[in-house]
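Predicted model follows, preceded by the sequence.
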Amino acid sequence: MIRTRIPPSPTGYLHMGNARTALFNYLFTKKNNGQLILRIEDTDRERSTKEFEKDIIDELKWLQITWNEGPYRQSERLKIYGKYLDKLIEENKAYYCFCTEEELEAERQYQMSQGLAPKYSGKCSSITREDAEKRLKKEKAVVRFRNNEKKVEFDDLIRGHIEFDTELTGDFVIAKDLDTPLYNFAVVIDDYEMKITHVIRGEDHLSNTPKQILMQRALGFEAPFYGHLPLILGPDRSKLSKRHGAASVKYFREQGYLKESLINFLAFLGWNPGTDKEIYSIESLINDFSLEKVQKGGAVFNIEKLNSLNSYYIKNKDIKELTELCIPYLVKSNLIEEKWGRHKAKETGEGIDMKTLMKIVSLYKERMKKLSDISELTDYFFKNLKYNKEMLKWKEMDDREVLQSLSHSEKILKEIPDKDFTEENLMKILTSGAEMFAKSFTSSQDRGYLLWPLRVALTAKKASASPFEVMFVLGKEKTLERLNNAKKIF
């Protein structure tokens, strides 16, 4: 049975690159009816935190990436690593190294001055275990792997046949002491103990693979299959990092990117189905995914592509569900507040029922790129408006003409019965009224002379939904109230 693993380090929030790797492992495993293991690699005691571990688990679940076993924690498996370290030392396949950092740096500088690739000289490799144990009582020592091989080669599931000259690697450190294994060693033991058959990870781990294979051979382990995914690159084609902006799943989730769009987006970072199909659910990804279609070249993180996908999923989201997703952003922006299960505008104190909130969100469903956009787009529904006199003017209108325009709109709207105060009727009546109004003091039929001051009076914005849509949501009474408030500044 195929067994894969998701092995994040809890030294930061879940990175988009790690999320992509987790997704590819999940898709590959599900496609092949295998088992996926979650392993928290927290051997970096100084940087690992429970906060980051919780974030990793929460974000993976949010992305619908589930696992069959775990989470296992490397910090809880130190005795297991110690057993294998002791075995390597006992069999003379590893040894204690007492060289100080100063000695190692001097050695490195000397080798480089001679035009040589720096590697450990093997100075401590001849120390017997008995002598080493005596020195350990007084001195600190690391554990080094005794590397006697010149070459490692393997067939990568994505990159094909790969060879490494391991003679240049020298004897490398695998543990700070028997209780503190380093990454490469702990991973080898975990993959063996957890019966991992396929290791699918980022290209940045490619240089670790030969070291891990050397240790597997020394311990008599069968090596898993390896597949190294292309790096995710920033717009400048360097590895995606914080300097390119936020790179964590947490950030994109908080900004209001839907999990559907993030899953879809991550899948196309390094994988292509070979068709024109771009919209994928996680179920269809499982069906179509294969490592053979993973590319070798780096995948550029295109935020415009992500925005486009997110906009698509927002447009196709059920309006009630979308409204429920938007409400926390309206609350966070201090536009509305929730009390005893009801919502009200924080500034005006007016109650707002779910039906009204759904109407408001539906106005901007087609315009939103992310959920957090809702606050800026709709804030005028929840606030006492402050008007800019110049913004209310259409083209070369003067104060008197703006006041005349607002009064004309007010007159038309008052005559519309409450039961006919619908978007369709408002559009029909006011469009006709706007053309007639324009003729009254210009030779054109420019509807802007009536509709622009009206829309700005309703929203106090240069750009918004149409005045007909806005009035339908506000209702007749509030519409007339806003027109009256706008008139007061002239």
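Structure's in. What do you need? Keep in mind it's a predicted model, so treat the numbers as computed, not measured.

From here on, just use CA atoms for contacts and neighbour counts.
Will do.

got a list of contacts for the lengthiest helix in the chain?
Scanning the chain for the longest helix, with DSSP state H as the assignment, gives helix 423-441. By CA atoms under 8 Å, 6 or more residues apart in numbering, the surrounding residues in contact with helix 423-441 are 405, 408-409, 412, 444-451, 468-469, 471-472.

Can you name the element that comes right after that helix?
Stepping forward along the backbone from helix 423-441, the first helix or strand reached (DSSP states H and E) is helix 448-459.

With just CA atoms, put the very next helix or strand once past that following helix into PDB.
If you walk from helix 448-459 toward the C-terminus, the next helix or strand you reach (DSSP H and E) is helix 467-474. Taking C-alpha atoms only, helix 467-474 is exported to PDB below (Å, rounded to 0.1, in the frame of the first residue of the first chain):
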ATOM      1  CA  PRO A 467     -28.700  54.100  -7.800                       C
ATOM      2  CA  PHE A 468     -31.600  51.800  -8.600                       C
ATOM      3  CA  GLU A 469     -30.000  48.800  -6.900                       C
ATOM      4  CA  VAL A 470     -29.000  51.000  -3.900                       C
ATOM      5  CA  MET A 471     -32.400  52.500  -3.400                       C
ATOM      6  CA  PHE A 472     -34.100  49.100  -3.600                       C
ATOM      7  CA  VAL A 473     -31.900  47.900  -0.700                       C
ATOM      8  CA  LEU A 474     -32.300  51.200   1.300                       C
END
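
Can you list the buried residues in helix 467-474?
Along helix 467-474, the positions that meet the burial threshold by neighbour count (16 or more other CA atoms under 10 Å) are 467, 468, 469, 470, 471, 472, 473, 474.

Distance check, the residue nearest to the second one when sequence neighbours are not counted against residue 312.
Of all residues not flanking residue 468 in the chain, residue 423 sits nearest, at 5.3 Å (CA to CA, 6 or more residues apart in numbering). Here the criterion is CA to CA, to the nearest Å. By it, residue 423 lies 25 Å from residue 312.

and what of residue 53?
Note on residue 53: its distance to residue 312, by CA to CA, is 31 Å.

of those two, who's got more company?
residue 53 (21 against 17; other CA atoms under 10 Å).

That one contacts residue 7, correct?
No: using CA atoms under 8 Å, residue 53 and residue 7 do not qualify as a contacting pair, with a distance of 11.2 Å.

Common neighbours of the two, please.
Contact with both residue 53 and residue 7 is made by residues residue 40, according to CA under 8 Å, 6+ apart.

circling back: residue 93: which of the contacts of helix 423-441 is nearest?
residue 469 (76.3 Å; CA to CA).

Verify the stated contact: the closest one with residue 363.
Yes: with contact taken as CA under 8 Å, residue 469 and residue 363 are classed as touching, separated by 7.2 Å.

that older thread, which among the contacts of helix 423-441 count as buried?
For these, a neighbour count by 16+ other CA under 10 Å gives the buried set as 405, 408-409, 446-451, 468-469, 471-472.

In space, what's closest to residue 338 - neighbours in sequence excluded?
residue 344 (6.7 Å).

what helix or strand is that neighbour on?
strand 342-345.

What lies in contact with that strand?
Here strand 342-345 has contacts from 335, 336, 337, 338, 350, 351, 352, 353, 382, 383, using CA under 8 Å, 6+ apart.

what's the answer for stretch 377-392, then?
Defining contact as CA under 8 Å, 6+ apart, one finds that stretch 377-392 is touched by 335-336, 345-348, 360-361, 364, 402, 452-453, 456-457, 459-462, 464, 474, 486, 489-490.

Which of these are buried, as a PyMOL select command?
PyMOL command restricting the contacts of stretch 377-392 to the buried ones, with burial defined by 16+ other CA under 10 Å:
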select buried, resi 335+336+345+346+360+361+364+402+452+453+456+457+459+460+461+464+474+486
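
Can you pull up the most central residue in the protein?
With distances taken as CA atoms, centre = their mean, the chain has residue 249 as the residue nearest its mean C-alpha position (2.6 Å).

between the buried ones among the contacts of helix 423-441, which is nearest residue 73?
Out of the buried ones among the contacts of helix 423-441, the one with the shortest distance to residue 73 is residue 469. That distance is 54.7 Å, counting by CA to CA.

re the thing from before, of the buried residues of helix 467-474, which is the nearest to residue 287?
Among the buried residues of helix 467-474, residue 469 lies closest to residue 287 (CA to CA), at 42.2 Å.

Identify the residue spatially nearest to that closest one, adjacent ones excluded.
Leaving aside its chain neighbours, residue 469 sits nearest to residue 423 (5.7 Å; criterion: CA to CA, 6+ apart).

Pull the number of nearby residues for the one you found.
Residue 423 has 16 neighbouring residues, counting by other CA under 10 Å.

Please report how far residue 124 lies from residue 138.
For residue 124, the distance to residue 138 (CA to CA) stands at 16 Å.

Who wins on neighbours among the contacts of strand 342-345?
Tallying neighbours with other CA under 10 Å puts residue 336 at the head of the contacts of strand 342-345, with 26 neighbours.

Now it: closest residue in space, sequence neighbours ignored.
On the basis of CA to CA, 6+ apart, the spatially nearest residue to residue 336 that is not a chain neighbour turns out to be residue 345, at 4.3 Å.

ok so, going back, out of the contacts of strand 342-345, which are inside helices?
Within the contacts of strand 342-345, no residue falls in helices by DSSP H.

Which of the residues you listed scores worst on pLDDT?
The member of those with the lowest pLDDT is residue 338, and it reads 89.

what's the closest residue to residue 198 other than its chain neighbours sitting at in phi/psi?
Counting by CA to CA, 6+ apart, residue 198 lies nearest to residue 225, which is 4.7 Å off, once chain neighbours are set aside. As for residue 225, its main-chain torsions (degrees, to the nearest 10) stand at phi -80, psi 140.

how far away is the closest residue in space to residue 122 that isn't next to it in sequence from residue 91?
In space, residue 122 comes closest to residue 171 once its chain neighbours are excluded; the distance is 6.8 Å by CA to CA, 6+ apart. Using CA to CA, residue 171 is found at 15 Å from residue 91.

after the helix or strand harbouring residue 215 comes which helix or strand?
In this assignment (DSSP H and E), residue 215 forms part of helix 209-219. Of the helices and strands lying after helix 209-219 in sequence (DSSP H and E), the nearest is strand 225-229.

Quick check: mean pLDDT of that following strand?
98.

gap between the helix or strand that it is followed by and the chain center?
Of the helices and strands lying after strand 225-229 in sequence (DSSP H and E), the nearest is strand 232-233. The chain centroid and the centroid of strand 232-233 are separated by 13 Å, computed with CA atoms, centre = their mean, to the nearest Å.
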